[in-house]
Every structure is written in structure tokens, then in C-alpha cells.
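> Build me a model:
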Amino acid sequence: MATADFPNALSPEALDRLTASRAEFLAFLKKRVSSPEIAEDILQAAFVKGIEKGGAIRDEETVVAWFYRLLRNAIIDHYRHRGASDRAQDTLLKEVETHQEPDVSFKGEICSCVSGLLETLKPEYRQALDTVDLQERSLADLAGLAQITENNAAVRIHRARQALRKQVTTTCGMCATHGCVDCTCKSKK
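Predicted coordinates for the structure are as follows:
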């Protein structure tokens, strides 16, 4: 079976031995993972890997033992991946549980120069920032209001934020760099 495409591929005899042992391999996996579907997925992936990489096996008698090692490694990889996924979910859950919304009174406080600078932006940018950032509505809502696609709404809000950032930097200078919230700087218009 070794071809130019798969120079390390299993021989046809070795492949026959593996396919004849499929039921035993699947039973082995089912005892070690949480569901028959996962066992089947691992087995299929191992067969693919075995077919591609098994050319190093010269003794057809050892191919089954070699494949069991391949399955054990696949099980370990499965649990490592699942563990990493579980840890990521736990981290996200902790962030959601500990996240606190800002005080309602803070939401109304926006640097006075930023409020004024919104008026200097193009009307479609002003509408995008007002809808998505100030009213906390979705991109779908913006798309509906502006009669554009959601992708275009995402581009518009991105460009609007860039334009506002540029205006704040131009107008407020150092205040913009340090992120003040009680802006008393004078507009440099």
C-alpha cells in the first residue's frame, strides 16, 4: 500500500489484521471513554493515523499491539483535550460569576468632550455608536435601523469607534492617553 502519496502507509496485510480486530478495539475504547460515539470517533481517527503512519511496522504479528498503543495514546490525548476545554469553561464561568455591571449612575456619565465629539462624526457613525455602545443594542439592531447587513454594521461600528478615538486624541491630547473620566480639557477647535 505504500505509495508516493503515503510512503509510510500500512501494508494491505497489516490493514486486514487491524480491520479484523475492529470490534475488539471498539470494546477497548468503550471501557475507557464516556460514550460510544467518542469511542467510535477515536477509533476512526486512530485508523486514519495508523494507515498513514504504520509503514514502519515490519512484523505483521505486532501490528495489533502497536495499534493498541496508538489507541492508548489517543485516549490520553482525548482526556488532555477535554481537560483543557473544561479548564477554559471553568475560567469563563468564574469570570461570568464574578463580573459586575457598572453602577447604573456611572452608565450615564460620559466624558463631556466625548459627548460633544459624537456630534462631529458622520451621522451614520453617530447612529452606530449610539445604537451599539450607548444603548447597548446588537449589531442586528444597528443593521435593521441603518438598512445594511450585519457584516456592514460590524464594519461601521469599527470605523465609528476609530473615528471617535481619533477625534478624542486630537481634541483631548494627554487626557485621551490617560483615560480620564472627568474631562475638563478645552476643545482645540
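
> Can you give the domain ranges for this structure?
As recorded under automatic domain parsing, the domains making up the chain are 12-98, 108-178.

> Most tightly packed of those domains?
For the domains of the chain, average neighbour numbers computed from mean count of other CB atoms under 10 Å are highest in domain 108-178, which has a mean of 15. Using the backbone N, CA and C atoms, a C-beta is placed for each residue, glycine as well.

> now the helices for the protein?
12-20, 22-30, 36-53, 63-98, 104-107, 112-118, 123-128, 139-146, 150-172, 174-178 (DSSP state H).

> Mean pLDDT for the domains of the chain - can I get that in JSON lines?
Formatted as JSON lines, these follow (pLDDT from 0 to 100):
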{"stretch": "domain 12-98", "mean pLDDT": "86"}
{"stretch": "domain 108-178", "mean pLDDT": "83"}
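
> and the nearest residue to R126 once chain neighbours are set aside, what is it in contact with?
Leaving aside its chain neighbours, R126 sits nearest to L118 (5.5 Å; criterion: CB to CB, 6 or more residues apart in numbering). L118 sits next to R126, L129, D130, L164 when contact means CB atoms under 8 Å, 6 or more residues apart in numbering.
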